[in-house]
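Colleague: Can you look at this prediction? I've put the sequence above it.
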Amino acid sequence: NLAHFTGRQWLLAKVDVFLQNHDRGYFVIEASAGLGKTTFMAWLVKQRHYIHHFCELRPGLEGVGDGLKNLASQLAIAYNLRPDSVLPFAASRPDFLYSLLTQAASHLGDEKIVIVVDALDEAGTLGNQNVLGLPTGLPKGIFFVVSQRPASATLTVKDANTPRQYFRLSADDEMNLMDMRRFLENISEHLTIVRPLQEYEQKSTSEEFVTALMERCQGVWIYLYFIVQEIQRGERKPLDLTALPYGMTQYYAQYWRRWRDTDEEKWDTVYLPILTTFAATQESLSLKRLIDWSEAMITERS
């Protein structure tokens, strides 16, 4: 959802400086969960039509082949590399992607090929290869802009000609907080926020709304997304500070408490076993395995 995308011009400038100062390379955006990595990457792709892959759509080892084929197909179409045939089975291999990158690079003049890959930490790693099978060295003119959570993905560069630059974004970064304030100032003028503010007991102002959310979000964008959505749907009063959670830990505690209070019997037999199983495995599970491991009492609907 990019309708209210705000800021990040300073982050785009860092990407552009890297593209301008090098003839190839990896630019890695590293940030904890909820700080807006995926939203920025989606906006970047929309603005510049870069070749891209979002790993969360097909995570884990099972998604490596599909991810490589996705990138290969976009390269083939964009640079007319295989105009008369469909991609072969080999398109799911890392060496095939590198071959296509080399072919595309050989036809470049001053143009640069930029490939965006989001959420490397959710992708799989085969053997001793890089995550998602990404090359350890890049042909001239090829750039990858990738994102990941801190120290969670293997992205080794063995070619001295291929630079790899990390940019680490933190929740308390001054520029991040400035973007948040601008976002809240803009969203506070939207009718779905103005009306709840006017209907609140003390007719709160937009500035009070912005200040309250800035105090509680702790620099985490996903917090703002959840809270603003709830206010717009009428599920939460905008400035009831006693009910407004402080940070994501309190937000999730409130969220799951509401689930429990809605149906305590199902909470004990279904929701809690499933939740704790996900917490223990920390990976995607098939429905059958999830039910088997959690021993949740799920009944089939006729």
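Modeller: All right, it came through fine.

Colleague: got the residue ranges for the helices in this structure?
Modeller: Counting by DSSP state H, residue ranges of the helices within the chain are 9-21, 37-48, 64-78, 94-106, 174-187, 191-199, 206-217, 221-232, 247-262, 264-266, 272-281, 287-294.

Colleague: The closest residue to residue 296 other than its chain neighbours and residue 259: what is the separation?
Modeller: Excluding the flanking residues, the one nearest residue 296 by C-beta to C-beta, 6 or more residues apart in numbering is residue 273, at 4.5 Å. The way it works is simple: take the backbone N, C-alpha and C, and place the C-beta from them, glycine included. Look at residue 273 and residue 259: by C-beta to C-beta, to the nearest Å, they are 13 Å apart.

Colleague: of those two, who's got more company?
Modeller: residue 273 (19 against 14; other C-beta atoms under 10 Å).

Colleague: residues near residue 270, how many?
Modeller: 17.

Colleague: Would you confirm that it contacts residue 296?
Modeller: Yes. With contact defined as C-beta atoms under 8 Å, residue 270 counts as touching residue 296 (4.9 Å).

Colleague: If I average pLDDT within each of the helices of the chain, which one is lowest?
Modeller: Lowest mean pLDDT of the helices of the chain: helix 191-199, a mean of 65.

Colleague: Next, count neighbours for residue 264.
Modeller: Residue 264: 11 neighbours (other C-beta under 10 Å).

Colleague: surely residue 43 meets residue 5?
Modeller: Yes. Counting by C-beta under 8 Å, residue 5 is a contact partner of residue 43 at 5.1 Å.

Colleague: if we can go back for a sec, does the residue nearest to residue 296 touch residue 292 like I think?
Modeller: No. Shown here, residue 273 and residue 292 do not form a contact pair, counting by C-beta under 8 Å, at 11.1 Å.

Colleague: residues contacting the residue nearest the centre of the chain?
Modeller: By C-alpha atoms, centre = their mean, the chain has its centre lying nearest to residue 38, at 2.7 Å. With contact taken as C-beta atoms under 8 Å, 6 or more residues apart in numbering, residue 38 is in contact with 54, 56, 118, 119, 147.

Colleague: Try it again at 6 Å.
Modeller: Contacts of residue 38 were listed using C-beta atoms under 6 Å, 6 or more residues apart in numbering, and they are residue 118.

Colleague: now swap in residue 15 and tell me
Modeller: With C-beta under 6 Å, 6+ apart, residue 15 has these contacts: 27, 145.

Colleague: now residue 152
Modeller: So residue 152 contacts residue 121 (C-beta under 6 Å, 6+ apart).

Colleague: Quick check, pLDDT for it.
Modeller: The model reports residue 152 with a pLDDT of 71.

Colleague: All set, thanks.
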